[in-house]
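>>> build me a structure from this.
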Amino acid sequence: MSLVDLRSAGQGGVAREVKVGHAPAGVAVDAAQKRAFVSNAEGRSVSIVDLASGRSVLERPVGAGPVGIAHDPVRHRVYVADWYRNTLWVLDDVSLAPITEIALGRAPAGVEVDAAGALVYVAERDDDAVAVVDADSLQVIGRHPVGSHPFGLRLAPDGRSLWVANVQSHDVSVIPLNGDGSSRRLPVGHRPYCVAFAAGRAFVSNQYGDSVSVIDLATLQTVATLPVVTYPEGIDSDGSIVWVVSWMDEQLVGIDAVSLSRVGTVPLGRNPRGFGRFVLAE
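Numbering: from 1, shown residues only. Sure thing, here's the model as predicted:
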């Protein structure tokens, strides 16, 4: 796992490497405790990394194929989507001990928790749906139909809509969560992977399009398509800069959310992913 000081990214910043499990895929940061939770897909485990010391402090076996991961600081839980078992693991965020395992649809991928920790959203890739899990009962209480093969998903900053990247239909589903209106599907680039938000805009990483789509949140219109990196995967923001992980270029690239100019580049390790919330904004 690479740790990057984003304050130095525009001046040729260098990543520190931290040993975690085999083939890490998903990341979820804990701002309060300065930790990162990492899903190790082929290692069938989850690691906790202490961000202050830059070292892995715990690794526990979890399921058969942990991919998507999210942290809930309210209930002190880690949620992990198990690609092969078609389940959602609920773990204690200190010991990583399992609390329960919830049955889901096929090939669950991205995971997102609302700000209150009350609801958990999971992309069920092979069922073209997003499952809604109640955090109190730990039961699936609903599903939203979306486009073809949803993967990454992210709640909008105001919490009123959920944005889902649909890999095979090359669009994003925008799902209203307040009961007002119906879902919309917005075309983006080829093979969208995930979504981030900054400066009143949504930013979508398009893997096969080698680009990032920029969508105005007020109008839901695409305002730009940025050819910034080759095979972009993970995407996140610190509020003013959007950070994109390039699998093929093996680097982290910063984009100013207002000017849409490239503002920083940091070399990373081999074939980086960064699936989830990987930016710790201080």
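>>> which residue packs closest to L220, ignoring adjacent ones?
Counting by C-beta to C-beta, 6 or more residues apart in numbering, the nearest residue to L220 once its immediate chain neighbours are dropped is L186, at 6.0 Å. (Glycine included, C-beta is placed from N, CA and C.)
>>> any idea which element that neighbour lies in?
If you go by DSSP states H and E, L186 is part of strand 184-187.
>>> give the contact list for the spatially closest residue to G269 that is not a sequence neighbour.
Nearest non-adjacent residue to G269, counting by C-beta to C-beta, 6+ apart: S2, 5.7 Å away. Contacts for S2 (C-beta atoms under 8 Å, 6 or more residues apart in numbering) come out as 15-18, 252, 268-269, 272.
>>> adding neighbour count and pLDDT, write those out as CSV.
Listed next are the contacts of S2 as CSV, based on neighbours: other C-beta atoms under 10 Å; pLDDT from 0 to 100:
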residue, neighbour count, pLDDT
A15, 18, 81
R16, 11, 90
E17, 11, 94
V18, 19, 96
L252, 26, 95
L268, 21, 92
G269, 11, 91
P272, 22, 95
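>>> ok, which pair from those is furthest apart?
Pairwise distances across the contacts of S2 (C-beta to C-beta) peak at 15.0 Å, for the pair V18 and L252.
>>> Q221 and I215 touch, don't they?
Yes - the pair Q221 / I215 is scored as a contact, 6.9 Å apart, by C-beta atoms under 8 Å.
>>> okay, the two: which has more neighbours?
I215 (22 against 10; other C-beta atoms under 10 Å).
>>> which strands or helices does whichever strand or helix holds that one pack on?
In the assignment (DSSP H and E), I215 maps to strand 211-216. Packing contacts for strand 211-216, counted by 3 or more C-beta pairs under 8 Å, 6 or more residues apart in numbering; DSSP states H and E, involve strand 201-206, strand 222-226, strand 232-237.
>>> ok, which of the ones you listed comes nearest P61?
Here strand 232-237 is closest among the helices and strands packed on strand 211-216 (C-beta to C-beta), at 24.0 Å.
>>> now the helices for this structure?
Assigned by DSSP state H, the helices in the chain number zero.
>>> quick one: low-confidence parts of it?
10-13 (pLDDT under 70).
>>> mind doing that once more with 50?
Counting by pLDDT under 50, the chain has no low-confidence residues at all.
>>> so A198 sits right up against V242, yeah?
Yes - counting by C-beta under 8 Å, A198 touches V242, with 5.4 Å between them.
>>> can you list residues touching both of the two?
Contacts common to A198 and V242, judged by C-beta under 8 Å, 6+ apart, are A257.
>>> of those two, who's got more company?
Counting neighbours by other C-beta under 10 Å for A198 and for V242 shows that V242 has the greater number, 29 against 21.
>>> gap between the closest residue to V49 other than its chain neighbours and E42?
Among residues not flanking V49 along the chain, A36 sits closest, at 4.4 Å (C-beta to C-beta, 6+ apart). Separation of A36 from E42 (C-beta to C-beta, to the nearest Å) stands at 19 Å.
>>> neighbour count for the two, which is higher?
For A36 versus E42, neighbours defined as other C-beta under 10 Å are more numerous around A36 (25 against 12).
>>> list the residues that contact that one.
1, 27-30, 48-49, 51, 278, 280.
>>> tell me the one of the residues you listed nearest D114?
Taking those together and measuring to D114 by C-beta to C-beta, the closest member is A28, at 14.2 Å.
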